[in-house]
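*Asks:* What follows is a predicted structure for the sequence shown.
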Amino acid sequence: MKIAAFSVAALFCALTASSISAQTPGSHYKIANRINVEGDGGWDYLAADDATGRLFVSHATVVQVVDAKSGKIIGTIPDTKGVHGIAVASDVHKGFTSNGKDSSVTVFDLSTLKVLGKVPVTGLNPDAILYDAFSNSVYAFNGKTSNATVIDAKSEKVAATISLDGKPEFAASDGQGSIYDNIEDKNLVDVIDAKTMKVTRKFAVAPGEGPSALALDVTGNRLFIGCGNKLMVIADAKTGKVLASLPIGDHVDAAAWDPSLKRAYASCGDGTLTVVQEQADGSYKVLETVVTQKGAKTMALDKKTHHIYLPTAEFGPAPAPTAENSKPRPQIKPGTFMILDMEMVK
């Protein structure tokens, strides 16, 4: 996961919200709302708490907590420098953020949003973050040191450091003792045993390259792996066998699985959301590619309401190249950071 203001801005020029169609003709989804969020810094992931209807939005040096229904900011988690992701641990009533710039994890109370403390990780640039209810542990995947820091969610103490096969990206838990993590630079998925806290197996994702996004169908034991070469690779989680690969958009950085609809999603920075439907025979097909907004490469899915939330902004033109910066990136237009709220067409 790369903070969006610094990674996908080069993909596109200025694009106003009013120029986006709220619904593609014939689509199964539409943009129901654009939630304006104050602040002009970069962003990465957001997390949806299905139980409360809250969104936890990473935003430069803070996490903003948004009531998804009203669109109102109801709280802020401060001092999360270079925050990438948020893990919600409802059973211990805590949330955890991965702070890339100071290599720490912030712990906060889910009810009051009060910061409970900070835990230094045992690596550099914690990026993806995951709560595993099976082991009551938080996994912070350190992008610059190819390892993961395991934190006991109850005591808030570091329990282990796990060496990985390369640069980690997003991860998923099956809730039964297995943690799956994309290894972006090696085109692999590492499988961690939550009991031993070690990598016990790995498998290749070919024909996928640059795996970043990851979602898991726990019931069907299927992994949905969003890859940088514009493919979603579908693999058997137990064996690692690649079962299918389907086309998606460019610059994917998030995936999700809706178990009741049996649909997988891939959000891409080129302004598309790929919807993949499981068929009656267990195969998969692209149901549609929904137009979102350029820059909307990460997302969160509320499995109760089936709403999909995607952060993005509007950008101005890139400044002229200089000797110091030959490839300058467009800057965020002030006051345009937003969350796209997508819903199913009824």
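*Replies:* Cool, got the structure.

*Asks:* Correct me if wrong: residue 161 contacts residue 146.
*Replies:* No - shown here, residue 161 and residue 146 do not form a contact pair, counting by CB atoms under 8 Å, at 10.9 Å. C-betas here are computed from N, CA, C, even on glycine.

*Asks:* Comparing these two, which shows the higher neighbour count?
*Replies:* Taking neighbours as other CB atoms under 10 Å, residue 161 and residue 146 compare with residue 146 leading, 19 against 15.

*Asks:* circling back: can you pull the residues that touch both of residue 161 and residue 146?
*Replies:* residue 123 (CB atoms under 8 Å, 6 or more residues apart in numbering).

*Asks:* Show me which helix or strand of the protein is least confident by mean pLDDT.
*Replies:* For the chain, using mean pLDDT, DSSP states H and E, the weakest element among its helices and strands is helix 4-7, scoring a mean of 50.

*Asks:* In terms of residue numbering, what are the domains of the protein?
*Replies:* The record's domain split for the chain, according to automatic domain parsing, is 1-42+210-346, 44-204.

*Asks:* mean pLDDT lowest for which of those?
*Replies:* Mean pLDDT is lowest for domain 1-42+210-346 among the domains of the chain, at a mean of 89.

*Asks:* and residue 323, what element?
*Replies:* Residue 323 belongs to no helix or strand when elements are defined using DSSP states H and E.

*Asks:* That one: how many residues sit nearby?
*Replies:* Residue neighbour count, defined by other CB under 10 Å, stands at 5 for residue 323.

*Asks:* next one: residue 67
*Replies:* Around residue 67 sit 15 other residues, with neighbours defined as other CB under 10 Å.

*Asks:* and if you look at residue 183?
*Replies:* Using other CB under 10 Å as the criterion, residue 183 is surrounded by 22 other residues.

*Asks:* next one: residue 203
*Replies:* Based on other CB under 10 Å, the number of other residues close to residue 203 is 18.

*Asks:* now it, what's its secondary structure?
*Replies:* Reducing the assignment at residue 203 to three states with DSSP: H, G, I helix; E, B strand; the rest coil gives strand.

*Asks:* For it, list the residues it contacts.
*Replies:* Remark: with contacts taken as CB under 8 Å, 6+ apart, residue 203 is in contact with 188-189, 191, 235, 239-241.

*Asks:* what's the answer for residue 110, then?
*Replies:* Contacts of residue 110 by CB under 8 Å, 6+ apart are 49, 52, 88-90, 93-95.

*Asks:* ok, now how distant is it from residue 300?
*Replies:* According to CB to CB, to the nearest Å, residue 110 and residue 300 sit 16 Å apart.

*Asks:* Help me confirm that residue 91 is found in a helix?
*Replies:* Yes - assessed by three-state DSSP, residue 91 belongs to a helix.

*Asks:* Quick check: it touching residue 134?
*Replies:* No - Residue 91 lies out of contact with residue 134 (CB under 8 Å); the separation is 10.9 Å.

*Asks:* between these two, which one's more packed in?
*Replies:* Summary of the neighbour comparison: residue 91 and residue 134, criterion other CB under 10 Å, with residue 134 having more neighbours (14 against 11).

*Asks:* on that earlier part again, which member of the contacts of residue 110 is positioned nearest residue 104?
*Replies:* residue 95 (14.2 Å; CB to CB).

*Asks:* Now the closest one, what are its backbone angles?
*Replies:* Backbone torsions for residue 95, taken as degrees, to the nearest 10, come to phi -120, psi 160.

*Asks:* got a list of what it touches?
*Replies:* Residue 95 makes contact with 56, 77, 86-89, 107-110, according to CB under 8 Å, 6+ apart.

*Asks:* what's the span of stretch 295-315 from first residue to last?
*Replies:* Between the start and the finish of stretch 295-315 there is a gap of 9 Å, counting by CA to CA, to the nearest Å.

*Asks:* For residue 172, name its beta-bridge partners.
*Replies:* When bridges are taken as DSSP bridges, the partners of residue 172 come out as residue 180.

*Asks:* measure it to residue 105 for me?
*Replies:* 19 Å.

*Asks:* likewise residue 236?
*Replies:* Relative to residue 105, residue 236 is positioned 32 Å away (criterion: CB to CB).

*Asks:* And these two? Which one has more around it.
*Replies:* Neighbours per residue (other CB under 10 Å) separate residue 236 from residue 105, with residue 105 holding more: 23 against 14.

*Asks:* how about that one, phi and psi?
*Replies:* Backbone phi and psi, for residue 105 under degrees, to the nearest 10, turn out to be phi -120, psi 120.

*Asks:* contacting residues for it?
*Replies:* Residues in contact with residue 105 (CB under 8 Å, 6+ apart) are 96-99, 118-119, 121, 126, 129, 138, 140, 149, 151.

*Asks:* Closest to residue 341 out of these?
*Replies:* For the contacts of residue 105, the minimum distance to residue 341 (CB to CB) is 22.3 Å, reached by residue 97.

*Asks:* tell me which element the closest one falls in.
*Replies:* Mapping residue 97 onto the secondary structure by DSSP H and E places it in strand 94-99.
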